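1. here's a sequence, model it:
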Amino acid sequence: MPDLRGAWAGTWGGTPLTLVILEQRDAEPVDGVTIGSWQVLGRNLPGVAGILSVKIRNEMVSVNVQGRLGISNGRLTLVLEPATVNGGWISLTRLEENRLAGTGTAQMSWEPQGPVELIRRAPGPAANPPA
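-> The predicted model follows:
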């Protein structure tokens, strides 16, 4: 799986959106039976964790997100689920190395709906300190 960690910026239904993927894991349980923290039956998929910020009612709102990575129609696909009581999801396909596109839905009428486009931001100078 390619490394998707870093900052991504774009739009969700025409609304400004930022996704920062802080962590990427090789495999995590997505279904099945667990006892405590041990998975007994089920499957594992690579996953991500991060922070999603979107403009709602003229202010930026940030939420934690969890995501699963997989392959759909021969392309890398990322499904994000915000950790909110309202629910919702965003499904993205990797079109190019630094470009994701897809669609998203939220449960509340005032939240963004529809097409999502994200471009990876180039890391700043702090990411590559001088030797």
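2. how far away from the center of its chain is the helix or strand where Val20 lies?
-> Remark: Val20 resides in strand 15-29, with elements defined by DSSP states H and E. Strand 15-29 has its average C-alpha position 4 Å from the chain's average C-alpha position, going by CA atoms, centre = their mean, to the nearest Å.
3. need the contact partners of that strand.
-> Applying CB atoms under 8 Å, 6 or more residues apart in numbering, the set of residues contacting strand 15-29 from outside is 1, 3-11, 39, 42-56, 60, 65, 67-69, 80, 112, 116, 118. (C-beta placed from N, C-alpha, C; glycine too.)
4. quick one: which of these sit in strands?
-> 6-11, 39, 44-56, 60, 65, 67-69, 80, 116, 118 (DSSP state E).
5. list buried residues within those residues.
-> Buried members of the ones in strands among the contacts of strand 15-29, counted by 16 or more other CB atoms under 10 Å: 6-8, 10-11, 39, 45-50, 52, 54-55, 65, 67-69, 80, 116, 118.
6. for the protein, which residues score under the pLDDT cut-off?
-> Judged by pLDDT under 70, the chain has its weakly predicted residues at 27-34, 36-44, 124-131.
7. who's the residue nearest the centre of it bridged to?
-> For the chain, the residue lying nearest the average C-alpha position, counting by CA atoms, centre = their mean, turns out to be Leu80 (4.2 Å). Beta-bridge pairing for Leu80 (DSSP bridges): Gly67, Ile90.
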